[in-house]
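Undergrad: here is a sequence together with a model predicted from it:
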Amino acid sequence: MLNNNLDWLFFPRKDRKRKKDGKSQLYLRFKENGTIAKTKSLGLYVHYNDWDSDKQRLRKDSEDVKINEILSAVETRLQKEYQQCVVDQDVHAERLVKVIDEEDETVTLISIFEDHNNRMSNQIGKNFTVSTHKKYKTTLNHVRSFLKEIGKKDVDVTKISTPFLYNFEEYLKNNGCSQNTASKYLTHLRKVVYIAIKKGHKKDNPFIDYNFTYEKKSPKFLTGNELQRIQQKEFDIERLGYIKDLFLFACETGLSFSDLMSLKEEDIQEDSDGDQFIYTHRIKTGNGFTVPLSKSAKQLIEKYESLPTLLPTISNQKMNAYLKEIADLCKITKKLTSHVARHTFATQMITKGVALETVKEMLGHSRMSSTEIYAKVTPIKIKKEMRQAGFM
């Protein structure tokens, strides 16, 4: 039955006040043929005396005047749906209430990001590492800061557009992130947006028209002379001695920091010839890798046999801070980090003529392209080959 006699009203309830500020709760009431059909809370609170009953809006001098924009948006949705009801000859309050309810179920970017990070936290040690979880938490903090800068606490995930992504990238670079770091944070955001799409919270994919830009950088490694300076340097400060040994062990084995810290006695195996090697899986990727233990690496393990762990343990942040001290004391101008040791190992192996495929297996790389990078940054190898060819 066609029923055009339907209207609605915004109003605050004087008897529904919050204790903390005395504000009244705002409601939306629908009437059909003069009879109240539905009353719904809007989840908004205003000072009762600031309400203009005739205009169904807050007075302009109200501290909460911005709520008027929300009410106008609700009004627009109601009017649009009402017109469609008339076309469909199906005018009733239930249908309009449903429009408001659907809006209440809006999924925001922060909420879905938090849910993702919480799920990731519960899977640490199974499908994710502490390091990966920390990176996503950092990305979420950057998203929050970006939204704050543009005057928002959160944003409807359906509103994430390609311009939003480029603006976020610009924000990151303006706040100290390199191009590559900004792109990594955006890959984290992409995963969260894809989850929203997969769950049906978002239809379009803003990343289709977004181009990731990565600057190609050669991995930093130490030359033989620089490495020798560290090997020969004796430190009076015990903590620097620990860090020196950890760094040199990584240079001998190619272990990343997380793999270095998780190395256990059972990861050291011996073959039928009595030679020892590390056989385990990378924390980052789960890929297996095998690295023969050099004489120097064995001596470092023996040096710390009294410890409950195979080697001294420390946080990556502190290790990199102490490596800076070591670089200064050894007069090395390069920025030393735990990953420079891994790069140094790879570069040395290739320089000594170890096959790329073998180096790939020792590093636990998934793709050969990741290993080939080191072949392009070994001037010593080039020099050696040119001498063998009679050009030098």
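TA: Looks like it arrived, so ask away.
Undergrad: in what helix or strand does Gln348 lie?
TA: Assigned by DSSP states H and E, Gln348 belongs to helix 338-351.
Undergrad: any idea how far that helix is from the chain center?
TA: 27 Å (Cα atoms, centre = their mean, to the nearest Å).
Undergrad: now that helix: mean pLDDT?
TA: The pLDDT scores in helix 338-351 average 91.
Undergrad: now do stretch 229-238
TA: Rounded mean pLDDT across stretch 229-238 is 94.
Undergrad: just the buried residues of the next helix or strand after the helix holding Gln348, please?
TA: As assigned by DSSP H and E, the chain's next helix or strand after helix 338-351 is helix 356-363. Residues of helix 356-363 classed as buried: 356, 359-363 (neighbour count, 16 or more other Cβ atoms under 10 Å). Glycine gets a C-beta too; all of them are placed from N, C-alpha and C.
Undergrad: counting contacts, what elements does helix 356-363 pack onto?
TA: strand 288-292, helix 338-351, helix 368-375 (3 or more Cβ pairs under 8 Å, 6 or more residues apart in numbering; DSSP states H and E).
Undergrad: break this protein down into its domains, please.
TA: The chain breaks down into these domains under automatic domain parsing: 6-104, 109-209, 224-388.
Undergrad: could you pull up the residues touching the residue nearest to Tyr374 when sequence neighbours are not counted?
TA: Residue nearest to Tyr374 in three dimensions, not counting chain neighbours: Ala346, with 4.3 Å by Cβ to Cβ, 6 or more residues apart in numbering. Applying Cβ atoms under 8 Å, 6 or more residues apart in numbering to Ala346 gives the contacts 219, 221, 254, 359, 363, 371, 374.
Undergrad: repeat that with 10 Å
TA: Each residue near Ala346 by Cβ atoms under 10 Å, 6 or more residues apart in numbering is listed here: 219, 221, 254, 354, 356, 359-360, 362-363, 365, 370-371, 373-375, 377-378.
Undergrad: and the buried ones among those, selectable in PyMOL?
TA: Restricted to buried positions by 16+ other Cβ under 10 Å, the PyMOL selection for the contacts of Ala346 reads:
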select buried, resi 221+254+356+359+360+362+363+365+371+373+374+377+378
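Undergrad: list just the nearest of the buried residues of helix 356-363 to Glu265.
TA: Met362 (20.2 Å; Cβ to Cβ).
Undergrad: so who does that closest one touch?
TA: 253-255, 277-278, 289-292, 345-346, 349, 354, 371.
Undergrad: hmm, 7 Å instead?
TA: Counting by Cβ atoms under 7 Å, 6 or more residues apart in numbering, Met362 touches 254, 289-291, 349.
Undergrad: please convert those to CSV, extending it with distance to Ile100.
TA: Putting these into CSV (distance: Cβ to Cβ, whole Å) gives the following:
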residue, distance to Ile100
Gly254, 59
Phe289, 57
Thr290, 62
Val291, 62
Met349, 65
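Undergrad: and of those, the nearest to Asp7?
TA: Phe289 (71.4 Å).
Undergrad: pretty sure that closest one is touching Glu361, no?
TA: Yes: using Cβ atoms under 7 Å, Phe289 is in contact with Glu361, at 6.4 Å.
Undergrad: pLDDT below threshold where in the chain?
TA: 1-4, 101-106, 377-392 (pLDDT under 70).
Undergrad: centroid residue for it?
TA: Geometric centre of the chain, nearest residue: Tyr136, 2.5 Å, by Cα atoms, centre = their mean.
Undergrad: tell me which element that one is part of?
TA: Here Tyr136, judged by DSSP H and E, is contained in helix 130-149.
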